Structure formats: C-alpha cells, structure tokens
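S.K.: Structure, please.
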Amino acid sequence: MSQKVRTFYQYANKLLQHEKSRISIRTHAPLRIALVYPNVYAVGMANLGFQSLYRLFNEHPLVSCERAFYDPSLEETVLTIESGRLITQFDVIAFSISFEMDYFNVLKFIEQSGIKLRAAERHARDPLIIAGGVATFINPVPIAPFIDLFFLGEIESQVNDLIDKLLQIKESDQTKADVIDSLANDSRIYAHMRKNVTGRRIERVDASQYDYDPQYSEIITPYSHFKNMFLIEVGRGCYRRCRFCAASHIYQPVRFFTLDKIIDTIEKYVHDTKKIGLVGAALCDYPNIVELGEKLVSKGYELGLSSYRFETISETFLNILNEGKVKTITLAPEAGSFDLRKRINKPIPDELIYDSIELIAKSNISNLKLYYLVGLPRETKADIDAMIDSVRKIKSIFYSRNVSGRELTISTNAFIPKPFTPFQWSGLADEKYLKVTRRYISKEFKAIGRIHVTQRSVKSEIVQAMISLGNFNMPDILEKAVIMNDMNYLYESEECHRMITDKEFAVELPWDFIEYPVSKEILWKQHEKAIKND
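M.R.: Down below sits the predicted model:
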C-alpha cells in the first residue's frame with residue numbers, strides 16, 4: 001500500500017469514527033453510486049443538499065452510495081471514505097455542486113481519477129458522470145462538456161425515478177451514448193452532447209402533491225463547519241426578490257414547512273446533540289419563527305440560525321436567542337444608503353437598522369457581523385460614504401454598553417452578477433474601482449477603530465464572476481486552467497473578461513436554454529427600474 005493511500009485511510013477512518021449516522025450501505029446492491037462533494041469534508045458535511053442526497057440514494061433498496069470529497073491537502077482524493085474504493089469502480093459518479101468556484105475542483109477531481117475530462121472522449125466502460133446542485137441549474141455551461149448529464153432542480157420527488165432509469169439502463173444492452181440520449185428526453189435533464197438543446201426546466205418539489213420532509217442532517221460530526229449541529233430547513237425560496245439574489249428568483253414558489261412538520265422531523269431524526277441549526281433563504285420570514293424558537297429552547301436545544309433580518313429583531317426574539325445560547329448575529333444591509341438599498345430592492349430604512357442595533361446592544365449577543373456589497377450597479381462615492389457613516393453609528397451603538405468581549409465584523413465583498421436575476425445583464429465593477437474603493441473603506445474603518453474587516457481578494461471575485469456568467473467558450477478556458485493547475489489563466493483571459501461586461505436585453509445569454517422561473521421580460525423591467533432608480 002502506497003503512503004498516500006495509507007494517509008487517505010487514516011484520514012477517512014478518523015472522519016468515520018466520529019460520525020453519528022443511521023445510514024447503512026448495502027455492500028452488494030446492483031447500482032453503485034459515488035456521491036462527490038467537490039470541496040473538503042467540513043464544507044460538504046455542512047451542506048444539506050449533499051447530506052439529503054446521500055440519504056435518499058441509500059434509502060433505495062437497490063443502491064449502494066458512498067461519499068468522496070476533493071481535498072487538495074491530500075495527495076489522494078479519488079477514493080470513497082466508506083470503503084476506500086476508487087471512484088472508477090462505481091457505476092455512477094454524482095457531483096453535488098453548490099458553488100460555481102467548485103467547478104475547478106470538479107475538473108481536478110475527474111482529472112485525478114484518470115478519467116478523460118471531456119465526456120465525448122471517455123470510454124464506454126467509464127462511469128456515467130452526472131451533476132446537480134444549485135450552481136448547476138443556475139449555469140451549467142462552464143462545465144457542460146465534462147459532465148454526461150445534469151439534473152436541473154430539486155431532486156427529492158424525482159430521485160427514485162432517476163434511480164429506476166439508471167437501473168434499467170444498467171440491465172440493458174444500451175451503449176452509454178444511447179443511455180445519455182434516452183435520459184436527455186426528460187426536460188429536467190441537460191446533456192451537452194445532445195446538440196441544440198432547448199426547453200430545459202428546473203424541477204421544483206410540489207409540496208401539495210408530494211409529502212416530503214424538510215432536508216436535515218442525516219450525519220452529525222465534529223468535523224463539519226457546523227460542529228455537532230443538527231441542521232434542518234424551515235423553507236425554500238424567498239418572497240423579497242432582491243435584484244442581486246439568485247436564490248430568491250430560482251426557488252419559486254416560496255414554500256415553508258409547517259411547525260409540526262419541523263418539530264416532528266427534529267424529534268424523529270435528531271442525534272445525540274443539543275445543537276439545532278435552522279436553515280432557509282428567508283429564515284426570519286418563517287411565519288412561526290418565534291414559536292419554533294420557543295419550542296426548541298424549551299426542550300433544552302441550543303440554536304443556530306443561518307440568517308437574520310432587521311425586521312425580525314425584537315426583544316422577544318433576542319430573548320429566545322439568549323435562551324438558545326446564540327452569541328453571534330449576522331445581518332446584511334448590503335448597501336450604506338437607503339437610495340442604493342432601494343435600487344437593489346432591499347429598502348430597509350436607516351431608522352430600522354439603528355433601532356435593531358439598539359436592541360442587540362442591550363442583549364447578550366457578543367458578535368455582530370454585517371455584510372455589505374461593493375460595486376453594485378450605479379453605486380456612487382456618496383453610497384460608499386453613507387456605508388462608512390452608517391457603520392460608524394452602528395459601532396457607537398453596539399459598543400455603547402461597554403460589554404466585554406464584543407466584536408463587530410464588517411464584510412465588504414464585490415457584487416457578483418448572477419443568472420436568472422434582474423442584474424444578470426449587469427457587469428462586474430471595474431477591477432481598479434473595487435481595489436481603490438475597498439482600500440478607502442478599510443482605511444476609514446481603521447480610523448473608526450474596533451472593527452474587524454473581512455473581504456475576499458478582488459482577483460478571486462473576478463474569477464467567480466467569470467464562472468458565474470461563463471458562456472460556451474468558458475469550458476475550453478477552464479480546462480486549460482485545470483491542466484495548468486492555475487486559476488489565474490481565467491483571470492488573464494481577455495475572453496473571460498468580456499463575459500463579465502454589461503449586456504443588452506437582446507443578447508442571448510448562455511443559460512437561456514433553461515426555462516426562466518421568473519420571466520426574462522419581468523427581470524428586464526426590474527433591471528431597468530434599478531438602473532433608472534424608479
């Protein structure tokens with residue numbers, strides 16, 4: 001056994017020994033699936049979609065599903081952690097992809113497995129490679145030639161149908177090309193090798209016709225980003241339609257689970273943990289959020305919430321968070337001026353922001369995190385100065401009670417245009433503008449004092465925007481970057497820079513072959529309103 005394989009087994013055994021799980025894997029099931037999260041274990045196990053898919057696959061009586069992760073710190077990553085098998089020994093390799101920046105990792109993983117990167121160049125006996133997850137149904141184009149099939153949308157109600165088709169195919173004499181062509185007849189399936197694809201649609205779970213449980217953590221582990229926490233979703237989608245947010249436009253219609261369904265799911269599946277993490281794009285819009293919190297803390301649970309809104313901050317709500325031992329609140333003003341917040345369809349009044357911070361200052365919350373975007377469409381110096389003035393006032397309020405151990409963290413990251421939003425036609429802000437503006441913001445925050453500033457590198461944000469808006473030239477460029485093991489190749493590409501410029505409505509967008517959840521015409525009207533500030 002080579003040293004790198006021995007090291008992998010040590011790594012895998014350590015992870016498995018600390019997992020709390022009810023999943024049992026059928027060793028001799030006819031269909032073997034390697035489920036891959038293209039990032040490290042800690043990130044993958046904090047992802048509810050990945051965990052739910054692992055459970056759903058293994059609930060099928062004819063499936064054996066094992067997990068693999070991409071960890072660049074290990075020399076060997078193309079083995080499953082359950083058995084240490086090479087992923088090439090499985091019938092299907094299924095990628096669960098939530099972030100466009102992980103597209104690079106997907107290709108690195110395939111390359112390290114010894115499988116040809118291009119689907120068209122693979123051997124008929126190679127595993128079928130499929131992919132899903134929110135990043136892929138926002139824009140699968142950048143990695144389309146490297147994946148045999150994409151499943152577009154929410155898979156809970158369709159997973160057994162997909163498995164049945166894969167089983168039928170395995171038992172037949174069809175070639176891989178026949179398999180791909182057959183499956184691609186489904187409008188929820190996108191196959192790059194089928195030319196002139198149109199009319200693809202994003203599958204949505206219809207709660208009225210399909211009695212499904214919320215997604216939840218089937219596995220609890222201390223090595224997740226959410227250490228030993230049972231995660232459960234309270235709903236899907238968001239009513240608010242902020243013009244920069246893909247989640248609020250993709251997950252339509254908005255759905256919330258009943259209070260009884262959430263409590264029943266927790267009581268039925270929670271492991272030996274007292275930490276409950278509530279997850280949802282519009283978590284604080286959940287109609288019963290206060291009652292849910294009260295019920296959980298009354299049962300002795302500690303709470304973790306994925307997001308907060310200024311509108312929900314109240315003494316009652318903060319008391320529940322205190323009983324739930326919550327020490328950190330994260331809020332997202334997004335912009336410093338009311339005018340710019342209105343432009344992005346997040347019209348939070350200044351008074352509401354400061355009133356909420358006043359309440360937080362009187363509570364036991366020790367850490368306050370605020371998220372702002374830089375480079376929003378039509379942003380001005382006045383908007384940036386308004387952000388600085390607002391943070392100055394927030395800092396004064398938050399620290400006014402002289403509570404020891406408090407910390408104020410401000411995140412200032414670039415606005416990244418996303419498909420299927422009103423800002424999909426907007427380009428990324430100029431690189432020089434982003435750098436100069438962020439230096440100015442950091443300098444002003446330093447002068448204010450007692451503020452911890454976090455931000456990504458501008459270069460990485462440019463690359464993220466390129467992949468987010470990537471067109472049909474992106475796969476060639478991304479492939480070369482992977483072969484060179486250098487993401488800078490994208491950053492230095494003139495073609496990629498053209499992908500992140502402003503566009504007109506008449507321009508065909510790479511993802512237009514997917515049916516829009518919110519019509520393109522409505523999105524354009526919202527885009528125009530934002531630009532004109534109506």
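
S.K.: how much space between the nearest residue to Glu154 once chain neighbours are set aside and Ile276?
M.R.: Nearest residue to Glu154 in three dimensions, chain neighbours excluded: Val205, at 4.7 Å (Cβ to Cβ, 6 or more residues apart in numbering). All C-beta atoms are positioned from the backbone trio N, CA, C, and that covers glycine. Distance from Val205 to Ile276, counting by Cβ to Cβ, to the nearest Å: 23 Å.

S.K.: So for those two, which residue has more residues nearby?
M.R.: Ranked by neighbour count (other Cβ atoms under 10 Å), Val205 and Ile276 place Ile276 first, with 25 against 17.

S.K.: mind showing which ranges of the stretch 101-250 of the chain have poor pLDDT?
M.R.: For the stretch 101-250 of the chain, the stretches flagged by pLDDT under 70 are 207-211.

S.K.: Let me see the ranges of the helices in it.
M.R.: Assigned by DSSP state H, counting those that start in this stretch, the helices in the stretch 101-250 of the chain fall at 103-113, 134-138, 159-171, 176-183, 247-250.

S.K.: before we move on, the earlier item: which residues are in contact with the residue nearest to Glu154?
M.R.: Applying Cβ atoms under 8 Å, 6 or more residues apart in numbering to Val205 gives the contacts 154, 156-157, 212, 236, 255.

S.K.: name the helices or strands packed onto the lowest-mean-pLDDT helix or strand in the chain?
M.R.: Using mean pLDDT, DSSP states H and E, helix 176-183 stands out as the lowest-scoring helix or strand of the chain, at a mean of 84. Where contact means 3 or more Cβ pairs under 8 Å, 6 or more residues apart in numbering; DSSP states H and E, helix 176-183 is packed against strand 128-132, helix 159-171.

S.K.: contacting residues around the last one?
M.R.: With contacts defined as Cβ under 8 Å, 6+ apart, helix 159-171 is touched by 30-31, 53, 56-57, 60, 62-63, 91-92, 128, 151, 155, 179, 182-183.

S.K.: same thing but at 10 Å, please
M.R.: 29-33, 52-53, 55-57, 59-63, 65, 91-92, 94, 128, 130, 132, 149, 151, 155, 174, 176, 178-180, 182-183, 186, 188-189 (Cβ atoms under 10 Å, 6 or more residues apart in numbering).

S.K.: which of those residues count as buried?
M.R.: 29, 31-33, 52-53, 55-57, 60, 63, 65, 91-92, 94, 128, 130, 132, 149, 151, 155, 176, 179-180, 183, 186, 188-189 (16 or more other Cβ atoms under 10 Å).

S.K.: Could you pull up phi and psi at the residue of the chain most remote from its centre?
M.R.: For the chain, the residue at maximal distance from the C-alpha centroid (Cα atoms, centre = their mean) is Asp173, at 37.9 Å. Here is the backbone geometry of Asp173 (degrees, to the nearest 10): phi -100, psi 20.

S.K.: Next one: it from Asp181, what distance?
M.R.: Counting by Cβ to Cβ - Asp173 and Asp181 are separated by 15 Å.

S.K.: With Gly304 instead?
M.R.: Using Cβ to Cβ, Gly304 is found at 45 Å from Asp181.

S.K.: How about Asn367?
M.R.: In terms of Cβ to Cβ, Asn367 sits 53 Å off from Asp181.

S.K.: Pull out the buried positions in stretch 189-199.
M.R.: Going by neighbour count (16+ other Cβ under 10 Å), the buried part of stretch 189-199 is 189-193.

S.K.: same check, this time on stretch 462-480
M.R.: By 16+ other Cβ under 10 Å, the buried positions in stretch 462-480 come out as 462-471, 473-475, 477-479.

S.K.: show me what contacts Val482?
M.R.: Contacts of Val482 (Cβ under 10 Å, 6+ apart): 103-111, 117, 146, 489.

S.K.: pretty sure it is in a strand, no?
M.R.: No. Val482 is assigned helix when assessed by DSSP: H, G, I helix; E, B strand; the rest coil, not a strand.

S.K.: State the pLDDT value of it.
M.R.: Val482 is assigned 95 on the pLDDT scale.

S.K.: Count the residues that sit near the residue lying closest to Phe244 once chain neighbours are set aside.
M.R.: Counting by Cβ to Cβ, 6+ apart, Phe244 lies nearest to Phe423, which is 5.2 Å off, once chain neighbours are set aside. Phe423 has 24 neighbouring residues, counting by other Cβ under 10 Å.

S.K.: and what of the one 10 residues further on?
M.R.: Tyr433 is flanked by 15 other residues according to other Cβ under 10 Å.

S.K.: Could you do His28 as well?
M.R.: 6.

S.K.: dump the residue contacts of it.
M.R.: Residues near His28 by Cβ under 10 Å, 6+ apart: Ser64.

S.K.: Can you tell me the SS state at it?
M.R.: coil.

S.K.: Same check on Ile93?
M.R.: For Ile93, the assignment made with three-state DSSP gives strand.

S.K.: Start from the N-terminal end of the stretch 1-150 of the chain and give the strands.
M.R.: Applying DSSP state E, counting those that start in this stretch to the stretch 1-150 of the chain gives strands spanning 20-21, 31-37, 63-69, 92-96, 128-132, 149-151.
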